[in-house]
Every structure is written in C-alpha cells, then in structure tokens.
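Trainee: sharing a model prediction with you, sequence too.
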Amino acid sequence: LVYLIATALFYYLGSYGPGMLYFLMGTLFCALIFSGNEAYWSVAINTLICALFGVGIYYHWVHLHLSMRYSLDTWVAVSSNLVMLSLVIAVLTPRLFQKVEESNKLYEKIVRITSDTIWQWDIAKDHIHYNTGIVGRFGYLPSAT
C-alpha cells in the first residue's frame with residue numbers, strides 16, 4: 001500500500017513531493033517489521049521503480065512533473081540518492097537494533113552478577129526497579145522501597 005501511494009505521489013507530484021519520502025519509509029518499515037534480509041527487497045523495489053520511471057522519462061512515456069524537470073541523466077542522479085538512502089536504511093536499522101539488544105543483555109548480566117545497587121526509574125509509571133544488590137549493601141528489600 002505504501003508503494004502504491006508513493007508511486008502515485010511520485011508520478012503526479014514529482015520528486016519534490018512526498019513520494020520519495022514514502023519510498024524511504026517503505027524501506028524503513030520493512031527494516032523494522034521483518035527480521036532478516038527482507039528490507040533489501042524494498043531497496044530492490046525502489047531501484048526497479050526508479051528504473052521504470054527512468055525508462056518512461058527517456059521514451060517520454062511519463063508526463064507531468066517528471067518529464068518536465070528531468071532528462072535521463074538528471075533522473076539517474078536524483079533516483080540514485082533514493083536508492084542509496086534506502087540501502088543505508090536497510091543495512092543500518094537492523095544493526096542499530098542488534099546493538100541495542102546487546103546493550104540490554106549486557107545490562108541485565110551486570111545487574112545479575114554485581115553486588116552493587118543498580119536502580120532504574122520508569123518515569124512514565126513512577127516506578128523504581130532495584131536489583132538484588134540493594135539487599136546485600138543496605139539490607140533493604142526491593143518491595144519495601
């Protein structure tokens with residue numbers, strides 16, 4: 001659905017409209033929703049759509065904003081930015097979440113093995129979570145705090 005909307009916006013409004021943003025968001029959604037290499041499919045779809053628009057510009061099949069603003073070489077320059085940004089999103093988004101997950105696992109491991117008091121304040125719920133170090137250091141039970 002995102003790609004249909006993006007293609008229509010791209011066709012009718014040109015690259016200055018929100019169509020290009022929708023193509024990028026399609027890649028981001030795929031990277032966030034799917035695990036694995038599915039986000040690379042969105043990069044391939046973006047590349048294919050840009051190539052089809054390029055063919056349309058070259059043969060003057062595409063009218064309206066795209067054919068008035070772009071020759072084939074300028075279209076390749078513009079669309080290559082979209083493809084490159086899509087690729088960056090597809091590569092970096094899973095790595096970002098992997099690093100956050102590794103950081104959380106390390107934090108949980110440190111909380112389990114240390115005798116120091118570590119606490120975490122959930123501001124939204126106004127709740128403070130303590131590890132078991134609070135009992136060893138200060139004699140407080142976490143439920144009493």
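Mentor: Received it, and whenever you're ready, just let me know what you need. Residues are numbered from 1 along each chain as shown.
Trainee: so which strand or helix has residue 121?
Mentor: Using DSSP states H and E, residue 121 maps to strand 119-122.
Trainee: okay, now the sheet partners of whatever helix or strand comes next after that strand, with direction.
Mentor: Next along the chain after strand 119-122, taking DSSP H and E as the criterion, comes strand 127-130. Partner strands for strand 127-130, per DSSP bridges, with pairing direction: strand 119-122 (antiparallel).
Trainee: and the closest residue to residue 79 other than its chain neighbours, how far from residue 42?
Mentor: Counting by C-beta to C-beta, 6 or more residues apart in numbering, residue 50 is the residue found nearest to residue 79 once chain neighbours are left out, at 3.6 Å. (Glycine included, C-beta is placed from N, CA and C.) For residue 50, the distance to residue 42 equals 12 Å [C-beta to C-beta, to the nearest Å].
Trainee: what comes up buried for stretch 82-93?
Mentor: For stretch 82-93, the neighbour count (16 or more other C-beta atoms under 10 Å) marks 82-83, 85-87, 89-90, 93 as buried.
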